[in-house]
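S.K.: could you work out the structure for the sequence below:
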Amino acid sequence: MPSPARSTAFDVLLRVESGGFAADLLFALSKSLDSRDAGLASEITLGALRFQSQLDYLIEHYSGRPASRLDAEVRVALRMAIYQMRYLERIPAHSSVHESIELIKRARKRSAAGFANAVLRKVDRQPVSWPSRAIELAHPEWLLDRWDRQFGAETADAVARANLVRPETYVRLPGGAPGLEATEIEGCYRVISADTRGLRVQDIGSQSIVPLLGLEPGHRFLDLCAAPGNKTAQALESDVKAVACDIHPRRLAPLRKLGISLVALDAREPLPFRVKFDRILVDAPCSGTGTLAHNPEIKWRLQPGDIEELQESQRRILGRAREALAPGGRLVYSTCSLEREENEDVVEGLAMRTVRRLPGRDPGDGFFAAIL
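M.R.: Okay, the predicted model is just below:
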């Protein structure tokens with residue numbers, strides 16, 4: 001019988017293959033697990049997604065068959081096993097092999113068990129000569145090409161390699177606590193050894209945006225794309241009068257505990273507010289290419305055309321937000337994207353100042369912000 005950790009990772013990865021998001025699925029399916037099993041499930045899931053193209057190359061290397069031609073259940077089980085055997089130090093190889101075979105049987109693919117067993121018995125830790133830069137860096141070639149043009153090849157490589165490393169954990173806390181290390185952002189702490197249960201986990205890149213608003217007590221503050229609410233909660237530390245919005249009412253549900261006005265709306269359309277706001281945050285829907293260490297499935301799904309579609313929505317949302325800004329007010333436009341089309345091109349001619357954070361250069365996820 002497969003362990004709870006590997007069963008959870010297998011179920012999450014299969015759902016990701018069908019369009020699910022790993023972080024959301026891990027949160028939902030790991031609630032009943034103890035902390036060790038939940039941690040292992042997360043490590044296997046996100047590791048298999050971060051290194052997916054390498055793992056698929058290794059499947060073909062060891063089996064002679066392209067991973068894309070295998071049933072999803074077999075492909076996922078092999079990725080999991082090879083990731084544990086080659087990339088993790090403390091897991092016995094026989095345990096990884098046995099449990100992956102059991103997962104294949106549990107998925108009613110018993111006829112593939114012998115094939116999988118034969119493949120996994122060939123797996124070792126010998127160095128591999130990767131056939132391409134894209135496979136070595138485990139990123140799509142088109143995305144690396146974009147970053148080469150925008151940042152240069154050296155920086156593009158550094159970004160990609162940073163995306164393959166398990167990210168550090170940061171929390172938002174008004175005061176410090178044992179096991180936490182203060183960062184350059186007030187109220188942001190890096191977790192050294194603390195138990196994060198009961199703390200608001202929020203990446204340092206995300207926490208870097210709200211200070212750009214220059215919030216003061218009594219400011220009328222509009223958070224136009226607020227869900228899941230971490231930046232809204234951070235803004236409330238400044239005792240502002242806040243209104244938080246999102247397009248889907250269900251996405252606003254986690255914000256109810258904040259005790260502020262919540263409005264479900266499409267920010268691309270005229271806004272329903274009679275008052276003007278002193279401060280507005282547009283944390284725009286984006287490709288998320290700055291968050292690939294946390295959300296590695298994005299890089300395997302995103303297509304170049306998606307970025308153009310997102311840019312159109314971002315420009316419309318920014319235009320509506322500017323209409324709601326009070327004279328002398330300040331608007332911050334931000335994304336967790338690295339792509340110029342979603343950042344500089346959207347705010348061209350409007351920004352007083354821009355800020356960029358890059359994985360591999362700056363701590364945490366990649367972010368862009370413009371102060372208008």
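S.K.: and residue 267, its phi and psi?
M.R.: phi -70, psi -10 (degrees, to the nearest 10).
S.K.: so how far is residue 209 from it?
M.R.: 17 Å (Cβ to Cβ, to the nearest Å). C-beta coordinates here come from the backbone N, C-alpha and C atoms, glycine included.
S.K.: same check on residue 39?
M.R.: From residue 39 to residue 209 the distance is 28 Å (Cβ to Cβ).
S.K.: the two: who's more crowded?
M.R.: residue 209 (25 against 13; other Cβ atoms under 10 Å).
S.K.: so what's the residue lying closest to the more buried one once chain neighbours are set aside up against?
M.R.: The shortest distance from residue 209 to any non-neighbouring residue, by Cβ to Cβ, 6 or more residues apart in numbering, is to residue 334 (4.8 Å). Listed by Cβ atoms under 8 Å, 6 or more residues apart in numbering, the contact set of residue 334 reads 209, 281-284, 367-370.
S.K.: let me know the helix or strand that residue 334 is in.
M.R.: Element membership of residue 334, judged by DSSP states H and E, is strand 325-335.
S.K.: got a pLDDT number for the residue nearest to residue 209?
M.R.: At residue 334, the pLDDT value in this model is 98.
S.K.: show me what it bridges to in the sheet.
M.R.: Judged by DSSP bridges, the bridge partners of residue 334 are residue 283, residue 369.
S.K.: how near is it to residue 110?
M.R.: 50 Å.
S.K.: quick check: phi and psi at residue 275.
M.R.: phi -90, psi 160.
S.K.: list the contacts of it.
M.R.: Here residue 275 is in contact with residue 220 (Cβ under 8 Å, 6+ apart).
S.K.: distance-wise, check it relative to residue 324.
M.R.: 8 Å.
S.K.: for the helix or strand hosting residue 48, packing partners?
M.R.: Element membership for residue 48 (DSSP H and E) is helix 35-50. Here helix 35-50 touches helix 4-17, helix 22-29, helix 72-87, going by 3 or more Cβ pairs under 8 Å, 6 or more residues apart in numbering; DSSP states H and E.
S.K.: of all these, which lies closest to residue 196?
M.R.: Among those, helix 22-29 comes nearest to residue 196, with 12.9 Å by Cβ to Cβ.
S.K.: pull the CA atoms of that closest one into CSV?
M.R.: C-alpha atoms of helix 22-29 as CSV (Å, rounded to 0.1, in the frame of the first residue of the first chain):
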residue,chain,number,x,y,z
ALA,A,22,-0.4,22.2,-7.4
ALA,A,23,-0.4,24.6,-4.5
ASP,A,24,-4.2,24.6,-4.1
LEU,A,25,-4.4,20.9,-4.5
LEU,A,26,-1.6,20.2,-1.9
PHE,A,27,-3.4,22.5,0.5
ALA,A,28,-6.7,20.7,0.1
LEU,A,29,-5.4,17.1,0.0
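S.K.: could you list the buried residues of that helix?
M.R.: Within helix 22-29, the residues that qualify as buried are 22-23, 25-26, 29, counting by 16 or more other Cβ atoms under 10 Å.
S.K.: again, but for stretch 206-215
M.R.: For stretch 206-215, by 16+ other Cβ under 10 Å, it's 206-213, 215.
S.K.: between those residues, which is closest to residue 154?
M.R.: Closest to residue 154, out of all of these and judged by Cβ to Cβ, is residue 208, at 23.8 Å.
S.K.: how about the contacts made by the nearest residue to that closest one once chain neighbours are set aside?
M.R.: Leaving aside its sequence neighbours, residue 208 sits nearest to residue 185 (Cβ to Cβ, 6+ apart; 5.8 Å). By Cβ under 8 Å, 6+ apart, the residues touching residue 185 are 204, 207-208, 211.
S.K.: where along the stretch 51-200 of the chain do the helices fall?
M.R.: In the stretch 51-200 of the chain, the helices defined using DSSP state H, counting those that start in this stretch lie at 52-63, 72-87, 93-106, 113-120, 133-137, 141-151, 153-162.
S.K.: oh, I was asking about the stretch 201-350 of the chain
M.R.: According to DSSP H, counting those that start in this stretch, the helices that the stretch 201-350 of the chain contains are 204-207, 230-236, 249-252, 297-301, 304-323, 344-347.
S.K.: how about those, which one is nearest residue 164?
M.R.: When the helices of the stretch 201-350 of the chain are compared by Cβ to Cβ, helix 297-301 sits nearest residue 164, at 10.7 Å.
S.K.: pLDDT of the closest one, averaged?
M.R.: On average, helix 297-301 scores 98.
S.K.: which parts of it are buried?
M.R.: 297-299.
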